[in-house]
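1. give me coordinates for this.
(2 chains)
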There are 2 protein chains.
Amino acid sequence: MLKPEKQLEIIRRGAIEIISEADLLRKLEVSFREHKPLKIKAGFDPTAPDIHLGHTVLLEKMRQFQELDHEAIFLIGDFTGMIGDPSGKSEMRKPLTRDEVLENAKTYQDQIAKILDPDKTRVVFNSSWMSQMSSSEMIRLASMYTVARMMEREDFKMRWVHQNPIGIHEFLYPLIQGYDSVALHADVELGGTDQKFNLIVGRELQKEYGQEPQCILTMPLLEGLDGVEKMSKSKNNYVGITEPPFEMFGKIMSISDEQMWRWYDLLSMRSNEEIAQLKRQAQEGRNPRDIKVLLAKEIVARFHSSHDADAAEVEFMARFGAGAMPNEMPEFSFAAGEKGGIAIAVLLKQAGLAPSTSEAIRNIEQGGVRIDGQKVADRALLVKPGTYVVQVGKRKWARVTVR
Amino acid sequence: MLKPEKQLEIIRRGAIEIISEADLLRKLEVSFREHKPLKIKAGFDPTAPDIHLGHTVLLEKMRQFQELDHEAIFLIGDFTGMIGDPSGKSEMRKPLTRDEVLENAKTYQDQIAKILDPDKTRVVFNSSWMSQMSSSEMIRLASMYTVARMMEREDFKMRWVHQNPIGIHEFLYPLIQGYDSVALHADVELGGTDQKFNLIVGRELQKEYGQEPQCILTMPLLEGLDGVEKMSKSKNNYVGITEPPFEMFGKIMSISDEQMWRWYDLLSMRSNEEIAQLKRQAQEGRNPRDIKVLLAKEIVARFHSSHDADAAEVEFMARFGAGAMPNEMPEFSFAAGEKGGIAIAVLLKQAGLAPSTSEAIRNIEQGGVRIDGQKVADRALLVKPGTYVVQVGKRKWARVTVR
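-> This is a model prediction of the structure:
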């Protein structure tokens, strides 16, 4: 085991906040002295088993803890998933069956094996303790927090101010997430910055239950391909870690130059010095597209192989014609229409790639329109939400987000 | 069974609000047609088994339903009582054991037999279904109400505005009370006007659970001996229905003339015409004390016997000296001191019954001080919270509330 101060230095890298470093150092010291690994908890949604680059920011931090010989606990929050959205307001949250939960868990496990050491990762389901909990224990749990403190959570506060409804059960969910830390005797909980409130609830509930409170560590949230929203499956602005090499490569190549540096900071394993050097090169005139290729290859190599990375690069260059894709291109964001997307001809017109929809249709029929390098054959194509590089002929390009 | 319209006429008498009369009439009609009694629910606190005149306002209404051949369900809310006050903030709400709950229930049953027909009264405990409820069912229940709607309850609203803490579990209690109506398939729920919010929750939860919603009927709240606060055990301003005849008689005689008419309205079985006649007599110069004697005798006779009522009157007149007690007397209200009461000498001075505490002590030693007709022997007596008629000599009187 590494010395506690050395461990803390590694853990600190890339984190937004640790509450508190002093507590964490103390825990690391006890762990070091007693040869007892710390329990590192991170919770995941049971309904979205597609792990994407956004998740990996957190998972890489978990892997670091594993490499420091601590115990990574991958918690699947299936309990509320099996209840569904009890208010019945959201079609999105139908209750999951036990089988669906197990199947999702299996998919999770297959995917996280690309990052975490499967032999050292404990996968747990919070239904295993929550479904045992009686209503009186739930009331006891609810008594540990006040309405005013719960209302401090940003999304509750905003909904209250804007008179949007908050179901009373929604006040119970952070308490359940917090109780998971009690049930696991977690030493550290990791989460995105948007999870800070819930992580603190866990910390405080542990105190109420007479446990030493967990330390919390928040990681930055990676923006998706659109460069605006948090990467998420529901926004379709994500790069899944099991996507084929060429799709993964192409998606990464579609991000803006500005976003590229953000991705370097959050996703690259290169040292800070190497990244600083690349920035200097860009300032001195190196083509940013070449620097983006390095990032795309690094990431494809991580989740596939360096051979796959090379092959993806070759294919990408062949499709787009070497040197044809411009470094910067105009960006557009359109709301999806009632049909759940935008007709390709309308999109081309609105993005200024064609003077009219009839001209756009002619371009398609002549085989001059490509989306992410793929030729568009269907003149009635409905472009679904997502971010794409759209090309008309050799010279007209745009980065378009349908949301 | 009486005709539905006739039943409604009886039910309506004395009620503050019925939601809604049209629904209730419809329920009565179905019940009449199908010879199926309605289920009439009223909930009671498991911690306060001393039934007092304040409770009887509601219990008499239940009795009327019984006489109309409906089923009276006396619900003891022991479930939350057995949890206690989970926030641990209130010493008053220690969890009750199963044995304590059963003992309290026994005491309740003995007492309500003085009003309700024990053979036609179903006594139920909400723990019998609530302790079976899983935490996921509790979450489902919580999802049926929004924070904003819960915050409409007057006491929550005031605490929120004044930034006094509200525990999240407190939002669950009205839902549990409402769920009791679901579990019982209640047709009608009775409560004091302060219960209106909770009764409506029951109504709405029944709809959520696919049942026909209960009708609600609110009864006025009886003020206690002090004429200000709602009658309650904790304020010690109550007349228990099992108190001995003389104590009961004396307490009723201690209320103010104004309060007497309120008690006539809420407690007397006399017809509206008889009460109106008594009011006329008072206006025409009949001594209000004599009218108060009629009320006291009616109530003592109800809970004991008319023989006991006569004997109490005789003893009361003997103790106070017939005609000596004035109709009206000055009223005082003092806060109890640190010791949980006020020293008799201080009380006499503050109520203007003695010019100084030393003079007050002299009066006590001379046997000239009486509280509710009882001679005070102990010069250091600590007068506990309650409302009393205090007398010094023949001519000095005051009605004193220690709170």
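2. quick one: least confident helix or strand in chain A?
-> helix A:78-83 (a mean of 77; mean pLDDT, DSSP states H and E).
3. for that helix, name the packing helices and strands.
-> When contacts are defined as 3 or more CB pairs under 8 Å, 6 or more residues apart in numbering or on different chains; DSSP states H and E, helix A:78-83 sits against helix A:98-112, helix A:127-130, helix A:168-184, helix B:135-142. For every residue, glycine as well, the C-beta is placed using N, CA and C.
4. so which of those helices comes closest to residue B:348?
-> helix A:168-184 (52.8 Å; CB to CB).
5. quick one: average pLDDT of that closest one?
-> Helix A:168-184 shows an average pLDDT of 93 in the prediction.
6. next: stretch A:386-403.
-> 86.
7. and that stretch, what's buried?
-> Within stretch A:386-403, the residues that count as buried by 16 or more other CB atoms under 10 Å in any protein chain shown are A:386-392, A:396-402.
8. list the contacts of the closest residue in space to residue A:186 that isn't next to it in sequence.
-> Spatial nearest neighbour of residue A:186, excluding adjacent residues (CB to CB, 6 or more residues apart in numbering or on different chains): residue A:41 at 4.0 Å. Counting by CB atoms under 8 Å, 6 or more residues apart in numbering or on different chains, residue A:41 touches A:73, A:75, A:180, A:181, A:184, A:186, A:188, A:189, A:190, A:214.
9. roughly how far apart are residue A:41 and residue B:14?
-> 59 Å (CB to CB, to the nearest Å).
10. same question for residue A:173.
-> 45 Å.
11. check the gap between residue A:98 and chain B for me.
-> Applying CB to the nearest CB, to the nearest Å, the value for residue A:98 to chain B is 13 Å.
12. check contacts around that residue.
-> residue A:82.
13. over to the one 3 residues further on?
-> Listed by CB under 8 Å, 6+ apart, the contact partners of residue A:101 are A:46, A:76, A:78, A:81, A:82, A:125, A:127.
14. who are the contact partners of the nearest residue to residue A:355 once chain neighbours are set aside?
-> Among residues not flanking residue A:355 along the chain, residue A:349 sits closest, at 7.4 Å (CB to CB, 6+ apart). Contacts here follow CB under 8 Å, 6+ apart; on that basis residue A:349 touches A:355, A:356, A:357, A:359, A:360.
15. name the nearest residue to the third one, ignoring sequence neighbours.
-> Just to be clear, that refers to residue A:357. Per CB to CB, 6+ apart, closest to residue A:357 is residue A:345, 4.2 Å.
16. any idea how far chain B is from that neighbour?
-> 44 Å.
17. tell me the mean pLDDT over the helix or strand encompassing that residue?
-> Using DSSP states H and E, residue A:345 maps to helix A:344-350. Averaged across helix A:344-350, pLDDT comes to 92.
18. need the next SSE after that helix, C-terminal direction.
-> Immediately after helix A:344-350, counting by DSSP H and E, sits helix A:357-365.
19. what residues of that next one count as buried?
-> So helix A:357-365, judged by 16+ other CB under 10 Å, has buried residues A:357, A:360, A:361, A:363, A:364.
20. so which of these comes closest to chain B?
-> Within the buried residues of helix A:357-365, proximity to chain B (CB to the nearest CB) peaks at residue A:357, which comes in at 45.1 Å.
21. relative to residue B:287, how far out is the closest one?
-> For residue A:357, the distance to residue B:287 - CB to CB - is 98 Å.
22. which residue is the nearest non-sequential neighbour of the residue positioned nearest the centre of chain A?
-> By CA atoms, centre = their mean, chain A has its centre lying nearest to residue A:54, at 2.4 Å. Excluding its sequence neighbours, the residue lying closest to residue A:54 (CB to CB, 6+ apart) is residue A:231, at 3.4 Å.
23. contacting residues around that neighbour?
-> A:52, A:53, A:54, A:221, A:222, A:223, A:224, A:225, A:237, A:238, A:239 are the contacts of residue A:231 under CB under 8 Å, 6+ apart.
24. for the stretch 251-400 of chain A, which residue gets nearest to chain B?
-> For the stretch 251-400 of chain A, CB to the nearest CB, closest residue to chain B: residue A:340, 27.8 Å.
25. can you count the residues close to the closest residue in space to that residue that isn't next to it in sequence?
-> Closest residue to residue A:340 apart from its sequence neighbours, by CB to CB, 6+ apart: residue A:384 at 6.6 Å. Look at residue A:384: counted by other CB atoms under 10 Å in any protein chain shown, it has 13 neighbours.
26. for residue A:384, what are its contacts?
-> Neighbours of residue A:384 in contact, by CB under 8 Å, 6+ apart: A:236, A:336, A:340, A:341, A:402.
27. 10 Å - rerun?
-> Taking CB atoms under 10 Å, 6 or more residues apart in numbering or on different chains, we find residue A:384 in contact with A:236, A:336, A:339, A:340, A:341, A:342, A:402.
28. now, of the residues you listed, which are buried?
-> Looks like the contacts of residue A:384 have A:236, A:336, A:341, A:342, A:402 buried, using 16+ other CB under 10 Å.
29. could you pull out the helices in the stretch 201-350 of chain A for me?
-> Here the stretch 201-350 of chain A has its helices, by DSSP state H, counting those that start in this stretch, at A:245-253, A:257-267, A:272-283, A:288-303, A:306-320, A:344-350.
30. return the member of those having the minimum mean pLDDT.
-> helix A:306-320 (a mean of 87).
31. check which residues of it are buried.
-> A:308, A:309, A:311, A:312, A:313, A:316, A:319, A:320.
32. nothing else from me, thank you.
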